[in-house]
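1. no sequence on this one, just coordinates:
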């Protein structure tokens, strides 16, 4: 059983996978490469001057892969159901189990609806943690936002979901904040670097 199953390989899904994998969670990510990013060019993503959407996605996928995310390329999820202490994720190739699920399927809300998530109008209803009304199920990106369909916003949603899962697993609010070895001296020792 995986810690978290992530349905969708766009910015939200890959961000959730990156944060989960980087911080020791066993994450499986279903990536059919159906993202709108292949039609995009990013000029408005902080830290990136200009990059094509496909190039951005290749880098994001490599990051998730480098942190050990089990990325199922081309494996489409057909159903997600609550099961025991977590969720059963069904694909055309088999069934997977995970304690948590992150839905990152763009504007497609079908899986959230079939899982029984509450809606606010046409949008999946979530809080700032991105958790839905179904405990342990998270929704991100265009399925929870009427108009703010930006890569940076979706990536933030995925990160928020993963950080909330990490907080649940660790039993305290969890921060994923990397500090270079020299940062403590630059900031006068104000940063707690774990020592």
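-> Sure, I can see it. The structure displayed is predicted, hence computed values, not measured ones. Numbering: from 1, shown residues only.
2. give the rounded mean pLDDT of the longest helix along the chain.
-> Criterion DSSP state H: the longest helix present in the chain is helix 151-170. Mean pLDDT, computed over helix 151-170, is 94.
3. where do the helices sit along the chain?
-> For the chain, the helices defined by DSSP H occupy 11-22, 53-66, 110-115, 151-170, 183-186.
4. just those helices: most buried one?
-> helix 11-22 (a mean of 29; mean count of other Cβ atoms under 10 Å). Using the backbone N, CA and C atoms, a C-beta is placed for each residue, glycine as well.
5. quick one, what contacts residue 14?
-> When contacts are counted by Cβ atoms under 8 Å, 6 or more residues apart in numbering, residue 14 touches 29, 31, 57, 60, 61, 63, 64, 155, 158.
6. let me see the contact set for the last one.
-> Think residue 158. Counted by Cβ under 8 Å, 6+ apart, residue 158 has contacts 6, 11-17, 19, 102, 104, 130, 140-141.
7. quick one: low-confidence ranges for this protein?
-> Filtered on pLDDT under 70, the chain yields the residue ranges 182-195.
8. ranges for the strands of it?
-> 2-7, 27-31, 41-42, 51-52, 70-73, 77-83, 86-91, 94-103, 119-120, 123-124, 137-139 (DSSP state E).
9. quick check: the closest residue to residue 98 other than its chain neighbours vs residue 53, distance?
-> Closest residue in space to residue 98, ignoring its immediate chain neighbours: residue 5 at 3.7 Å, by Cβ to Cβ, 6 or more residues apart in numbering. To residue 53, residue 5 is 25 Å away according to Cβ to Cβ, to the nearest Å.
10. over to residue 17?
-> Taking Cβ to Cβ, one finds residue 17 at 18 Å from residue 53.
11. repeat that for residue 76.
-> For residue 76 relative to residue 53 (Cβ to Cβ), the value is 21 Å.
12. same check, this time on residue 77
-> Distance of residue 77 to residue 53, given as Cβ to Cβ: 22 Å.
13. try residue 4
-> 25 Å.
14. residue 138 bridge partners, please.
-> Assessed by DSSP bridges, residue 138 has beta-bridge partners residue 102, residue 131.
15. show me what contacts it?
-> 16, 100-103, 126, 129-132, 161, 164-165.
16. let's see 6 Å
-> 102, 130, 131, 161 (Cβ atoms under 6 Å, 6 or more residues apart in numbering).
17. surely the second one touches residue 163?
-> No: proximity of residue 130 to residue 163 does not meet the contact threshold set by Cβ atoms under 6 Å, at 9.3 Å.
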